[in-house]
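1. structure for this input, please:
(one chain, ligands or ions: 1)
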Amino acid sequence: MKSTDVQAGSISRADAARKPSPVRKKLAGTNLEFAHVLNQRVVLETVRLWGPLSRAEISSHTYLTNQTISNIVDKLLDRGLLETLGRRSGQRGQPAIEVNINPKGGYAVGIHLDRDHLTAVLLDLAGTPLEYAHLEWSFPSPDEALPLIEKMIRGLVEDQGLRMEELWGVGVGLPGPLDIGAGTLVAPPNFPGWDELPIRDILSKRLDLPVFLETDAMAAAMGERWFGAGKDVEDYFYVFFGVGIGGGMILNGQPYRGAFDNAGMFGHLPVGASGNMRCSCGGIGCLELSVSLSSLFAALSMARPEARVNDLDMLLGENDAILIGWLENAAESLAAGLVTIEHLLSPKAIIFGGRLPVPLQKWLIERLEMMLPQRRMRALRHHPVLLQASAIESAAALGAATLPLFNEFAPG
Ligand SMILES: [Zn+2]
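-> Predicted coordinates for the structure are as follows:
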């Protein structure tokens, strides 16, 4: 199926990619055509979250009439976005025919581009990762990086025997800050050559596909909403451990970017980290001065200059004094940052993910579970649960791959 076929009756994906989504809540005064598109999204999202479902079950989930559901399901079957699973047995009366998302109904690629690596993943419409690719690099210029990005994406598509037209689009997770409307990074620290580069439009032209940008933290947060720990949680804050440390907010089930795209810049909360040192952002005492892979490797650099992410598990197993000292200090700063988040947002969960190895994240979560009760407002009876993300190392790329799908599915 060509991606343009899927588009009939909807706003074009290329247009949608240029606008921050979700569309603000101006849903009153819609015309019938728009209502129809919205209902299709509601049905797709319902089947994605709770499928396989019969038509009657979709109807009870969505408050739409049986007749409306039947029409929409028929259209979505015609378009190849849903598939029929046959009749469910073992029930009284006429067994219901169930439908589910058709995995072959569409595909998307997500990439995570950061100063030290490029990761890509190809997803099918059911959200199953079909193939990953990864390379390490060091602060590449756009001229070096762009051909490698294009080659990696085309390689994944070819390996799976697909055509580029079968992709719904490409999602790109990047270190912030971003200007999503303009499709650029804005003065990213330690990333020369990328400031205000129109990366979305350049990639879109090279690949002839819609391209969606998101901060890596928000992409990872959206990925968890799609198929991870956030699937059943409407309000959560995602803490993303990367070269820096980022945050992504999902509020009322939707990504929240704020008026200027960069809400959730968790790493730059001034928590008095590292003796109020100055951060690369220009601020003082930012959280990421003591909680980020770069701060960890700076701490390890004298004793273990060769240490890489893959060595951290082993160092924890050996109770390495420098690593334990870094973790204790990181937990202090994180506790201050998380109490701030709890007071501001009152989320149901805080989800931890990103490139810090799982055993280290678990160490931090256990420590925070002990520390946070002493710092919280005692009068509040409910507090967010601390969860481990289901996608770990490739969380941002996986999340980015859901951006083209999210844009089509999630009712705004
Ligand atoms: Zn900062």
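2. can you give me the helices for the protein?
-> For the chain, the helices defined by DSSP state H cover 3-6, 13-18, 32-50, 55-62, 66-78, 142-159, 199-207, 216-227, 293-300, 312-317, 321-345, 358-375, 395-409.
3. ok, of these, where does mean pLDDT dip lowest?
-> The weakest mean pLDDT among these belongs to helix 3-6, with a mean of 36.
4. would you map out the domains in this structure?
-> Domain assignment for the chain by automatic domain parsing gives 31-104, 106-220+396-409, 229-389.
5. and the helices of the chain as a markdown table, adding mean neighbour count?
-> The C-beta positions use only the backbone N, C-alpha and C, and glycine is treated the same way. A markdown table is the format used below for these (neighbours: other Cβ atoms under 10 Å):
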| stretch | mean neighbour count |
| --- | --- |
| helix 3-6 | 14 |
| helix 13-18 | 18 |
| helix 32-50 | 17 |
| helix 55-62 | 17 |
| helix 66-78 | 16 |
| helix 142-159 | 15 |
| helix 199-207 | 18 |
| helix 216-227 | 30 |
| helix 293-300 | 19 |
| helix 312-317 | 16 |
| helix 321-345 | 18 |
| helix 358-375 | 15 |
| helix 395-409 | 29 |
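6. in a markdown table: these, plus distance to residue 306.
-> As requested, those are exported to a markdown table (distance: least, Cβ to Cβ, whole Å):
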| stretch | distance to residue 306 |
| --- | --- |
| helix 3-6 | 45 |
| helix 13-18 | 41 |
| helix 32-50 | 44 |
| helix 55-62 | 54 |
| helix 66-78 | 53 |
| helix 142-159 | 25 |
| helix 199-207 | 32 |
| helix 216-227 | 26 |
| helix 293-300 | 9 |
| helix 312-317 | 12 |
| helix 321-345 | 14 |
| helix 358-375 | 18 |
| helix 395-409 | 25 |
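7. so which of those helices comes closest to residue 126?
-> helix 32-50 (8.0 Å; Cβ to Cβ).
8. picking that back up, indicate which one of the domains of the chain is closest to the ion.
-> Nearest to the ion among those is domain 229-389 (3.0 Å), distances taken as Cβ to the ion.
9. sorry, back to before: can you put the domains of the chain in JSON lines and add distance to the ion?
-> Below are the domains of the chain laid out as JSON lines (distance: least, Cβ to the ion, whole Å):
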{"stretch": "domain 31-104", "distance to the ion": "36"}
{"stretch": "domain 106-220+396-409", "distance to the ion": "8"}
{"stretch": "domain 229-389", "distance to the ion": "3"}
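10. could you find the closest non-adjacent residue to residue 372?
-> Nearest non-adjacent residue to residue 372, counting by Cβ to Cβ, 6 or more residues apart in numbering: residue 335, 5.9 Å away.
11. residue 327 touches residue 364, doesn't it?
-> Yes - counting by Cβ atoms under 8 Å, residue 327 touches residue 364, with 6.4 Å between them.
12. the residue nearest to residue 372 against residue 368, yeah?
-> Yes - using Cβ under 8 Å, residue 335 makes contact with residue 368 at a distance of 6.0 Å.
13. for residue 277, which non-adjacent residue is closest in space?
-> Spatial nearest neighbour of residue 277, excluding adjacent residues (Cβ to Cβ, 6+ apart): residue 289 at 5.4 Å.
14. what about that neighbour, neighbour count?
-> 28 (other Cβ atoms under 10 Å).
15. for the remainder of this discussion, apply numbering that starts at 41.
-> Yep, numbering from 41; the last one is residue 329 now.
16. which ones are touching it?
-> By Cβ atoms under 8 Å, 6 or more residues apart in numbering, residue 329 lies in contact with 313-314, 317, 319, 335, 373.
17. please repeat the previous calculation with a cut-off of 6 Å.
-> By Cβ atoms under 6 Å, 6 or more residues apart in numbering, the residues touching residue 329 are 313-314, 317, 319.
18. check what pLDDT it gets.
-> Taking residue 329 on its own, its pLDDT is 96.
19. what's next to stretch 195-214, contact-wise?
-> With contact meaning Cβ under 6 Å, 6+ apart, stretch 195-214 is reached by 42-43, 53, 146-153, 160, 162, 170-171, 173, 225, 249-254, 256, 259, 436, 440-441, 443-444.
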